[in-house]
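**Student:** this one's sequence-less:
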């Protein structure tokens, strides 16, 4: 009997041969992997973003409206990949094109529309090579987000994709890199892109490292000055401006990594006001070039070395500043980031880098810290009439009676910048291991590289650079940079504190503050968690108290709860909820609400004995007493209290204790 396969199965898979004729492209649909070999392919006349030859074609039909990634990663030769609207030979420019995204191979992301057909072209760079590989088409990727279906008011430039990484030769232990960026205009007005004026975008590039609970900036570039805007459709439907002097509504424009690394077109950061988008033109050092690392992202080889940084994770970031974007108030979404893989290399020549995963659009790289450590608190801090600073913080138990406090401050687009940083500590706290990290400027930027001066006084740990009046080029946290501050303290943390960011340039507001982890202002007593909610006095005249010891680490799983100041020889148990509360119940105040779990399994109901106290080791990994919850996960906050008998049949409760688990 003849078996008829569904149409979708006939059109997807890897067995279909490719065609080297765009007018007779191989028909495919849906997601899948399609093998190809270009050894006998001829050259077409279509070279959308780089010289391409010996190319083959598919007519791919989307079966769902979704973000889609197409890639040739892993092919045996240097590929170029392009996608066009329509299933026939191209009649316009590619909606997305890439040369080198994963080493010498290619990857693009598009916003696919169900039922629409797209022409996919794969060839080799300049037709210089050929070979075999697979075209992988999968759901996801960076295409499609960015607000195109609900455009912002005015021009709004974002980084729609980070599209390649070029490494240059090392110089004195420092390697240079350049990152390719594809911009998208997701606003409802065209974006000015006028060459040889101060009415075009400038593009910054940065590299960061996450390692052992720290998120630090490793390097920064000078700024690529835009000169011509193509009219492609990476992010959404492109309404072409018809000119390279304006990026059309919904249109995208790719700048490859080699273009963003071209030294003659790179200008300094100090001439740009990130809040207004204004900059000088002509710019300083325009047209000049130098050694291999001049003006490009500079990263010390020692900071990448896998032998000494085996657990490090790296990220690349692109950031656009444009005058009309700023005039529309759309500066907050101009940076995007993407994870980086470290490839081959050595300490002398440095290490190659390539992309891993999709671009995270409209978010600066500092947001990635919380994806590694869910207990990180990230706070957006607006400087009035200026721009945005981002404060991120975390606190971890050192396991020796001290806690490590880690802070990162990223300046997204504040011109006033940050020149001081302080964290409150309670009187009598012992502070040690005070540290600071910044990112070095280079290639003639005028800013100082002097480390900030730390100060530990009663009630405060502070860092500062010179004031603006002392040195207008002092080492402030200027736009597109991230600085770190850290210390150890023998007082346990609370997650409802505040750190102060002193502003560098003069203005009516001298400082701003943001929510952060800080040492418990009540002294902490070496305990875990944050007390809340006042308990009622019991028959002894005292109020019952709940504390915790051990750590808030889910992995360590060594948390112990203690109830004290209870009436002697009374039964009690610990209770828990995801919700705080404050309700009168019997003779006490119940500091929980919602679903309340009871630690009442055999051996968990306790007696206060002659000392009026009891404790219980809590298993975070299993049998959590709240309905529907099996175990505790990092990043979750749970609230604890203690129920106990007081006089006769009267019930009472301790205060509440909130614990954010790590």
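**Tutor:** Received it, and whenever you're ready, just let me know what you need. Note that the structure is a prediction, hence the values are computed from the model and not measured.

**Student:** in this structure, mark out all the helices, start to finish.
**Tutor:** Along the chain, counting by DSSP state H, helices occupy 7-11, 257-260, 323-327, 369-372.

**Student:** from the chain's centroid, how far away is the second one?
**Tutor:** Looking back up the chat, that one is helix 257-260. 23 Å (CA atoms, centre = their mean, to the nearest Å).

**Student:** equivalent analysis for the third one, please.
**Tutor:** Averaged C-alpha coordinates place helix 323-327 at 24 Å from its chain's average position (CA atoms, centre = their mean).

**Student:** pull out the buried positions in that helix.
**Tutor:** Of the residues in helix 323-327, 323, 324, 325, 326 count as buried by neighbour count, 16 or more other CB atoms under 10 Å. All C-beta spots, glycine's among them, are computed from the backbone N, C-alpha and C.

**Student:** do the same with stretch 27-45
**Tutor:** Judged by neighbour count (16+ other CB under 10 Å), stretch 27-45 contains these buried residues: 28, 29, 30, 31, 32, 34, 36, 38, 41, 44.

**Student:** name the nearest of the residues you listed relative to residue 487.
**Tutor:** Ranked by distance to residue 487 (CB to CB), the buried residues of stretch 27-45 are led by residue 31 at 49.6 Å.

**Student:** just the closest of the buried residues of helix 323-327 to residue 521, please.
**Tutor:** Among these, residue 326 lies closest to residue 521 (CB to CB), at 39.0 Å.

**Student:** what distance do you get for that closest one to residue 252?
**Tutor:** Per CB to CB, to the nearest Å, residue 326 is found 20 Å from residue 252.

**Student:** quick one: neighbours of the spatially closest residue to residue 349 that is not a sequence neighbour, just the number.
**Tutor:** Using CB to CB, 6 or more residues apart in numbering and skipping the chain neighbours, the partner closest in space to residue 349 is residue 170 (5.3 Å). Applying other CB atoms under 10 Å, we find 21 residues neighbouring residue 170.

**Student:** excluding chain neighbours, what is closest to residue 493?
**Tutor:** In space, residue 493 is closest to residue 395, 3.5 Å off (CB to CB, 6+ apart).

**Student:** and that neighbour, what does it touch?
**Tutor:** When contacts are counted by CB atoms under 8 Å, 6 or more residues apart in numbering, residue 395 touches 375, 403, 404, 405, 406, 493, 495, 517.

**Student:** what's the pLDDT at the third one?
**Tutor:** For residue 404, the pLDDT comes out at 97.

**Student:** what's the answer for the first one, then?
**Tutor:** Predicted confidence (pLDDT) for residue 375: 89.

**Student:** what's the neighbour count on it?
**Tutor:** A count of nearby residues for residue 375, using other CB under 10 Å, gives 22.

**Student:** and the pLDDT for the residue nearest to residue 151 when sequence neighbours are not counted?
**Tutor:** Among residues not flanking residue 151 along the chain, residue 188 sits closest, at 4.2 Å (CB to CB, 6+ apart). On the pLDDT scale, residue 188 is placed at 93.

**Student:** hmm, residue 414 and residue 389 touching each other?
**Tutor:** Yes - in this structure, residue 389 is within contact of residue 414 by CB atoms under 8 Å, at 5.5 Å.

**Student:** what touches both of those two?
**Tutor:** residue 383.

**Student:** so can I have a markdown table of the buried residues of stretch 27-45 showing pLDDT and distance to residue 294?
**Tutor:** As requested, the buried residues of stretch 27-45 are exported to a markdown table (pLDDT from 0 to 100; distance: CB to CB, whole Å):
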| residue | pLDDT | distance to residue 294 |
| --- | --- | --- |
| 28 | 89 | 46 |
| 29 | 86 | 48 |
| 30 | 79 | 47 |
| 31 | 78 | 44 |
| 32 | 75 | 45 |
| 34 | 84 | 43 |
| 36 | 88 | 40 |
| 38 | 90 | 37 |
| 41 | 89 | 40 |
| 44 | 85 | 38 |
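
**Student:** just those residues now: which is nearest residue 213?
**Tutor:** Out of the buried residues of stretch 27-45, the member with the shortest distance to residue 213 (by CB to CB) is residue 31, at 37.2 Å.
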